[in-house]
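>>> fold the following, please.
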Amino acid sequence: MATDDLFEAERLIRGTIADSIGKERTLRICKWLFTLNKSTIGHVIKCYSRNDRSIRFGIDTTGRDCDVDKVGSLFVTIKNNFQIHILPPDDEHQYAYLKPDGKYYRYIPKQYCIELPMAEIERHILESYYSKLDKLGMGKPKAIINAPNDTYYLPTKADIEFAHSQLRKKLGEGIDTEAVIDQVKVNFDDLVKTQNSPI
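Here you go, the predicted model:
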């Protein structure tokens, strides 16, 4: 059964994803994706699990799209071994690590899913989401402004938590707010450099 309830989605993820790093990252992805529901109109992002032991996120427009696993609503699948399957980006050739998965999807192998910065993984998922909205004839939600390619960037709670965890590993406890804000900016600048540099 598909859900947009975070508690239920986290329960599904914990029971499906075997890899510990993969489980932690999938939980972060889920929390982040569900924050996008605040800015959507006419649809909801939902999480569900399939018999192949994968976690899927789909666009639900009727209250039951994801429950019947309509292929047309699916935009990201996370396998229990922590491979992430997405719709291909417009310029997929710049991402040598993307591998074909049938006719319509690409996947990021587990090693890259573990090593890539979360902001980069989120960018791939966001592009897949936008691509699926386009295929469904729906416009990009206007309130979503935290995509790095947009003209300005509003950090998400996940960005702040990630920056805080980075600093905690380096400095221990007692980190002030200013340091966290600085680290969020460093992470964003690094992501922009990655996007603008040729591979």
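>>> what kind of secondary structure is Gly174 in?
Applying DSSP: H, G, I helix; E, B strand; the rest coil to Gly174 yields a three-state assignment of coil.
>>> check contacts around the residue nearest to the spatial centre of the chain.
When the chain is reduced to its mean C-alpha position, the nearest residue by Cα atoms, centre = their mean turns out to be Glu122, at 3.8 Å. Glu122 makes contacts with 29, 32, 158, as judged by Cβ atoms under 8 Å, 6 or more residues apart in numbering. Every residue, glycine included, has its C-beta placed from N, CA and C.
>>> going along the chain, name the helices of the protein.
Counting by DSSP state H, the chain forms helices over residues 6-16, 20-35, 110-115, 118-135, 157-171, 177-196, given from the N-terminal end onward.
>>> now render those as a markdown table, adding distance to Arg50 and mean pLDDT.
Listed next are those as a markdown table, based on distance: least, Cβ to Cβ, whole Å; pLDDT from 0 to 100:
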| stretch | distance to Arg50 | mean pLDDT |
| --- | --- | --- |
| helix 6-16 | 9 | 93 |
| helix 20-35 | 14 | 92 |
| helix 110-115 | 18 | 92 |
| helix 118-135 | 17 | 90 |
| helix 157-171 | 25 | 77 |
| helix 177-196 | 31 | 73 |
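>>> what would these look like in JSON lines with distance to Ser54?
Listed next are the helices of the chain as JSON lines, based on distance: least, Cβ to Cβ, whole Å:
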{"stretch": "helix 6-16", "distance to Ser54": "7"}
{"stretch": "helix 20-35", "distance to Ser54": "10"}
{"stretch": "helix 110-115", "distance to Ser54": "13"}
{"stretch": "helix 118-135", "distance to Ser54": "15"}
{"stretch": "helix 157-171", "distance to Ser54": "22"}
{"stretch": "helix 177-196", "distance to Ser54": "27"}
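>>> which one of those lies nearest to Ala96?
helix 110-115 (9.8 Å; Cβ to Cβ).
>>> separation between the residue nearest to Phe162 when sequence neighbours are not counted and Glu161?
Closest residue in space to Phe162, ignoring its immediate chain neighbours: Met118 at 5.8 Å, by Cβ to Cβ, 6 or more residues apart in numbering. Applying Cβ to Cβ, to the nearest Å, the value for Met118 to Glu161 is 10 Å.
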